[in-house]
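# Give me coordinates for this.
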Amino acid sequence: MKIEIERKAAQTALKLTRLASKQPGDQIYSCVRVTAEQPGKLTVQATDLQTSISVSVGATVVEAGTCALPGKALGDVVHAMVGETITLQDQKDATVVTSGGSRCRMLGRLVEDFPLMPVLEDRHILMRVEDLMQLVDGVRYCMSTDLTRPHVCGALLAFGTDGTVTMVATDGHRLSQATFQSDMGCMPFKLFLPATALHQLHDLLGAATGAVGIGLSEHYASFHVVLQDQVGTAQLITNVGEQEFPPYEQVIPQDDPLATVEIEAEALGEAILRTAVLTDDRKTALLVLENREDILQLSAEGALGNSVEQLIVGDAAPIERMGVNAKYLAEALAHAPEPTVTVCTRGPMGPLVVSCAGYTAVIMPMRIG
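Numbers count the residues shown, from 1 in each chain. Model (predicted):
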């Protein structure tokens, strides 16, 4: 194998396949599979067995071939080089990477040990990249990181016959739901995306443009995109898992709230951060909310003292004094797609709901000591 490729294109391919760099270094999954094909395409693949990603970019292929190289090391080598183009060439049991006056000889692994990506041929759905990105951005911040609860270490993606696309994530203390109304209906279908796949999808969409093609089958889901600046294409395939996602509809309140406040999300988020400055642990800080007439008051305290912040919100029904996790509320506000949100409460022991068009976040209350 011998190819020449623009360094920028190589960096893009390796950045999107950095899934490999997170695997133990003594495993084949810590490697990327690099394939050079005529008439001029370089494909880089990475997998952790549950999620696989493949990125294809243009290259000058002198000699076709395949090799498996350590993903993190190859990414570090390419990033460190300063030439405009990079050459990869097989030499006996190693691959030589050169650029300008730099030359690195890398030892790889047997290509035959690298698992092949599954092939999907089932139903396909098209969405705009920015629409799917809005769904992913709206929920991935509140996925659980507790690996002993795999049914919430990810997000539910649901397609409705009326064209509604919904994504939901929860960690048991909070829940976020993002929805989008597509003009193209499809068969109703639900799938569970593992956390690793959702984070990889976020990176992929951030580098993509145009539309994303979604392929669905019984056990897998695929996402195919065109990269920005026409650098190439990329595809992510993930096992959708067999976890039973919790009945999230029961968590979202359907009754009328006792108090509702409309407020700028950014202003309230900044006020929360200021209020939590003196708390002992900002990840678990108790934030107390209450309002009287046209003033919303936030307060928090820690070993070093206490802070109070007041915001003018206009006429609103009184919010009875209640406590919530400051970090959870700040994150719910930061991921709202609209500048103005509605904050609803149902008493001091009821959930707090932050909502706007296409977005609903539910936060369980904290007891005030």
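# And the helix or strand where residue 238 lies, what does it pack against?
Following DSSP states H and E, one finds residue 238 within strand 232-239. If contacts are counted by 3 or more CB pairs under 8 Å, 6 or more residues apart in numbering; DSSP states H and E, strand 232-239 sits against helix 7-16, strand 51-58, strand 189-194, helix 195-206, strand 220-227. (C-beta placed from N, C-alpha, C; glycine too.)
# residue contacts, residue 44?
13-14, 17, 32-35, 54-57 (CB atoms under 8 Å, 6 or more residues apart in numbering).
# bridging residues for it?
On the basis of DSSP bridges, residue 44 is bridged to residue 34, residue 55.
# again with residue 178
In beta-bridge terms (that is, DSSP bridges), residue 178 pairs with residue 167, residue 359.
# among the contacts of residue 44, who's most crowded?
Among the contacts of residue 44, residue 32 has the most neighbours (other CB atoms under 10 Å), with 32 neighbours.
# isn't that one right up against residue 42?
No. Residue 32 is beyond contact range of residue 42, at 11.1 Å (criterion: CB atoms under 8 Å).
# residue contacts, the residue lying closest to residue 350 once chain neighbours are set aside?
Leaving out its chain neighbours, the residue that sits closest to residue 350 by CB to CB, 6 or more residues apart in numbering is residue 365, at 6.7 Å. Residue 365 sits next to 322-324, 348-352 when contact means CB under 8 Å, 6+ apart.
# Please indicate which of these are buried?
Neighbour counting over the contacts of residue 365 (16 or more other CB atoms under 10 Å) leaves 322-324, 348, 350-352 as the buried ones.
# What's opposite the residue lying closest to residue 348 once chain neighbours are set aside in the beta bridge?
Nearest non-adjacent residue to residue 348, counting by CB to CB, 6+ apart: residue 322, 4.2 Å away. Taking DSSP bridges as the rule, residue 322 bridges to residue 289.
# And whichever strand or helix holds residue 69, how far out from the chain middle?
Using DSSP H and E, residue 69 falls within strand 65-70. The chain centroid and the centroid of strand 65-70 are separated by 28 Å, computed with CA atoms, centre = their mean, to the nearest Å.
# just checking, residue 36 touches residue 58?
No. Using CB under 8 Å as the test, residue 36 is too far from residue 58 to be in contact (11.4 Å).
# give me phi/psi at residue 3?
phi -140, psi 160 (degrees, to the nearest 10).
# residues touching it, list them.
36, 42, 59-63, 87-89.
# and the residues you listed, which are buried?
Buried among these by 16+ other CB under 10 Å: 36, 42, 59, 61, 87-89.
# related to what we said a few turns ago, may I have the helix or strand that the strand holding residue 69 is followed by exported as CSV, CA atoms only?
Going down the chain from strand 65-70, the next helix or strand is helix 71-80, by DSSP H and E. What follows is helix 71-80, C-alpha atoms only, in CSV (Å, rounded to 0.1, in the frame of the first residue of the first chain):
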residue,chain,number,x,y,z
GLY,A,71,-5.4,4.7,16.3
LYS,A,72,-4.2,7.1,18.9
ALA,A,73,-0.5,6.9,17.9
LEU,A,74,-1.4,7.4,14.2
GLY,A,75,-3.5,10.5,15.1
ASP,A,76,-0.7,11.9,17.2
VAL,A,77,1.8,11.4,14.4
VAL,A,78,-0.4,13.0,11.7
HIS,A,79,-1.2,15.9,14.1
ALA,A,80,2.5,16.6,14.8
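# could you give me the average pLDDT of the next helix or strand after helix 71-80?
Per DSSP H and E, helix 71-80 leads on to strand 85-91 as the next helix or strand towards the C-terminus. Mean pLDDT, strand 85-91: 94.
# ok, so what distance separates the spatially closest residue to residue 234 that is not a sequence neighbour from residue 195?
Closest residue in space to residue 234, ignoring its immediate chain neighbours: residue 55 at 4.5 Å, by CB to CB, 6+ apart. Going from residue 55 to residue 195 by CB to CB, to the nearest Å gives 21 Å.
# Surely residue 129 and residue 204 touch.
No. Residue 129 lies out of contact with residue 204 (CB under 8 Å); the separation is 9.2 Å.
# Could you check which of these two is surrounded by more residues?
More neighbours surround residue 204 than the other of residue 129 and residue 204, with 24 against 20 (other CB under 10 Å).
# what's the more buried one in contact with, if anything?
If you count contacts by CB under 8 Å, 6+ apart, then residue 204 has 16, 53, 223, 225, 234, 236 around it.
# Could you pull up phi and psi at the residue lying closest to the fourth one once chain neighbours are set aside?
The reference is to residue 225. The spatially closest residue to residue 225, leaving aside those adjacent along the chain, is residue 208, at 3.6 Å (CB to CB, 6+ apart). Main-chain dihedrals, residue 208, degrees, to the nearest 10: phi -110, psi 170.
# wait, residue 208 sits on residue 129?
Yes. Counting by CB under 8 Å, residue 208 does reach residue 129; the two are 4.8 Å apart.
# overlap in contacts of these two?
With CB under 8 Å, 6+ apart, residue 208 and residue 129 have common neighbours residue 225.
# got the contact list for the most centrally placed residue in the chain?
Here the mean C-alpha position of the chain is nearest to the C-alpha of residue 199 (CA atoms, centre = their mean), at a distance of 3.5 Å. With contacts defined as CB under 8 Å, 6+ apart, residue 199 is in contact with residue 140.
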